[in-house]
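Trainee: sequence-free structure coming up:
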């Protein structure tokens, strides 16, 4: 619980900060997508008596009912509500198409060491150690049940060490929010459900990397441990796990709604202000990438098929100059207009690896939410699409 108050206090401080530097997704939490792992002909981990797919579905349905009963303003969507197979790419597609505010993927763990037990919650990020990598590889292996998985997942092969290294470079744009939710889940598991807390961790999960909202993957316990399997298979155990996740969700929603309300007040207070350097108040087109510090050199650049990676570190509703005090410590700041927001970037890298290093430097400068974005001819595209195109160009010069 102490961790919750620390996080909650940090969120409140952000809510009253004078600079309106906001993430891509802001607003009241109104839609949640709950994802029961595996399903159908893909059982997931298999214990002595039960299969992961059945436990995750039972917990997910209970969680959804708790939310519907206690938080009627929240729309609950399941990636599956029966024992059917849903491809990993379709799980996040469901969340993206419904503009979900949070994605919760529920799983059960397994290990060759049958004495391993406890709960852990993952967010999208680099594998910090071999154990995290093994968990991600186990869950990502679900794609082997899908046709043409190499093409569908940008060449990712769960059996390839190189794929897992490259995959860690894809960063979650909503890392801090995801970490907040993950911490709240683990707090509830430890303090209310009395489960062993294995902590909040980062790893490269395919089911998370295409989600355009805060996302967590919950490992509710080890099905490979006989005692924990019996607990997870019982109605009591499933109720404890689902109610713990619900309480974490409720606290997360409260904090996000309070942030949204504070931002609304900030916006209302600034109504009537003209964007800086744009007296007519007309925003640039979404395809326009501007750099006030080197606009002339950009104007002289020939129009060629060009893919670059940049690091996005802030967004505002009112345009800020590249040398604004809020951007202190960063050089060659650029901005582009997208989805009603001015979004600020640094870097102009030709490889994802170089962009990842740039991202680390920007985060060290204090912009912890910084993440990698990609552009093709100044049009924003998904980093995975950029990597696919670069590989295609490399293979077909």
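Mentor: Perfect, I can see it now. Here the structure is a predicted model, which is why all the values come from computation and not from measurement.

Trainee: C-alpha only now, for contacts and for neighbours.
Mentor: OK.

Trainee: next up, phi/psi of residue 381, please.
Mentor: When quoted as degrees, to the nearest 10, the phi and psi of residue 381 stand at phi -130, psi 170.

Trainee: was I right about it contacting residue 372?
Mentor: No: assessed by C-alpha atoms under 8 Å, residue 381 is found out of contact with residue 372, at 11.0 Å.

Trainee: hang on, residue 356 packs against residue 370?
Mentor: No: under the criterion of C-alpha under 8 Å, residue 356 is not in contact with residue 370, lying 10.2 Å apart.

Trainee: comparing those two, which shows the higher neighbour count?
Mentor: The neighbour comparison of residue 356 against residue 370 (other C-alpha atoms under 10 Å) goes to residue 370, with 26 against 21.

Trainee: need the contact list for the more buried one.
Mentor: With contact set as C-alpha atoms under 8 Å, 6 or more residues apart in numbering, residue 370 has these partners: 173, 311-314, 359, 362-363.

Trainee: show me what counts as buried in the helix or strand hosting residue 255.
Mentor: Residue 255 belongs to helix 235-269 when assigned by DSSP states H and E. By 16 or more other C-alpha atoms under 10 Å, the buried positions in helix 235-269 come out as 237-253, 255-260, 262-263, 266.

Trainee: please name every helix or strand in contact with that helix.
Mentor: helix 2-15, helix 52-70, helix 175-191, helix 226-233 (3 or more C-alpha pairs under 8 Å, 6 or more residues apart in numbering; DSSP states H and E).

Trainee: show me where the stretch 1-150 of the chain has helices.
Mentor: Along the stretch 1-150 of the chain, counting by DSSP state H, counting those that start in this stretch, helices occupy 2-15, 52-70, 88-97, 130-140, 149-152.

Trainee: what is the burial count for residue 40?
Mentor: Residue 40: 13 surrounding residues under other C-alpha under 10 Å.

Trainee: my read is that it contacts residue 87, right?
Mentor: No: counting by C-alpha under 8 Å, residue 40 does not reach residue 87; the two are 10.5 Å apart.

Trainee: so which residues make contact with stretch 345-363?
Mentor: Applying C-alpha under 8 Å, 6+ apart, the contact partners of stretch 345-363 are 169, 307-314, 330-335, 368-372, 383, 387.

Trainee: in the helix or strand containing residue 387, what's buried?
Mentor: Assessed by DSSP H and E, residue 387 sits inside helix 383-395. Judged by neighbour count using 16+ other C-alpha under 10 Å, the buried positions of helix 383-395 are 383-384, 386-388, 390.

Trainee: tell me what it is packed against?
Mentor: So helix 383-395, by 3+ C-alpha pairs under 8 Å, 6+ apart, packs with strand 307-316, strand 371-376.

Trainee: for the buried ones among the contacts of stretch 345-363, write the corresponding PyMOL selection.
Mentor: Buried residues among these (16+ other C-alpha under 10 Å), as a PyMOL selection:
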select buried, resi 169+307+308+309+310+311+312+313+314+333+334+335+369+370+371+372+383+387
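
Trainee: compare the helices and strands packed on helix 383-395 and give me the one nearest residue 344.
Mentor: Evaluated over these, closeness to residue 344 peaks at strand 307-316, with 5.4 Å, by C-alpha to C-alpha.

Trainee: what packs against the next helix or strand after the closest one?
Mentor: Proceeding N to C from strand 307-316, the next assigned helix or strand is strand 334-338, under DSSP H and E. For strand 334-338, the elements it packs on are strand 289-290, strand 341-349, judged by 3+ C-alpha pairs under 8 Å, 6+ apart.

Trainee: tell me where the protein is predicted with low confidence.
Mentor: Within the chain, the ranges that satisfy pLDDT under 70 run 1-27, 125-173, 204-207, 209-210, 263-305, 339, 369, 384, 394-395, 397.

Trainee: domain ranges for it, per the record?
Mentor: The record's domain parsing of the chain by automatic domain parsing lists 2-261, 289-395.

Trainee: can you lay out the buried residues of helix 383-395 as a markdown table showing distance to residue 200?
Mentor: Conversion of the buried residues of helix 383-395 to a markdown table gives the following (distance: C-alpha to C-alpha, whole Å):
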| residue | distance to residue 200 |
| --- | --- |
| 383 | 25 |
| 384 | 26 |
| 386 | 30 |
| 387 | 29 |
| 388 | 31 |
| 390 | 34 |
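
Trainee: which one of the residues you listed sits closest to residue 57?
Mentor: Using C-alpha to C-alpha, the buried residues of helix 383-395 come closest to residue 57 at residue 384, 29.8 Å.

Trainee: any buried residues in the particular helix or strand that has residue 363 in it, and which?
Mentor: Assigned by DSSP H and E, residue 363 belongs to helix 352-364. For helix 352-364, a neighbour-count test (16+ other C-alpha under 10 Å) marks 352, 355-356, 358-359, 362-363 as buried.

Trainee: okay, angle between that helix and strand 307-316 too, please.
Mentor: Counting by axes from the mean of the first three to the mean of the last three C-alpha atoms, to 10 degrees, helix 352-364 lies at 20 degrees to strand 307-316.

Trainee: circling back to that earlier point, export the helices and strands packed on helix 383-395 as JSON lines, with columns for distance to residue 65.
Mentor: Output for those, formatted as JSON lines (distance: least, C-alpha to C-alpha, whole Å):
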{"stretch": "strand 307-316", "distance to residue 65": "35"}
{"stretch": "strand 371-376", "distance to residue 65": "34"}
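
Trainee: count of residues packed around residue 59?
Mentor: 26.

Trainee: repeat that for the one 10 residues further on.
Mentor: Look at residue 69: counted by other C-alpha under 10 Å, it has 10 neighbours.

Trainee: try residue 68
Mentor: Other residues near residue 68 number 14, with proximity taken as other C-alpha under 10 Å.

Trainee: give the contact list for it.
Mentor: 74-76.
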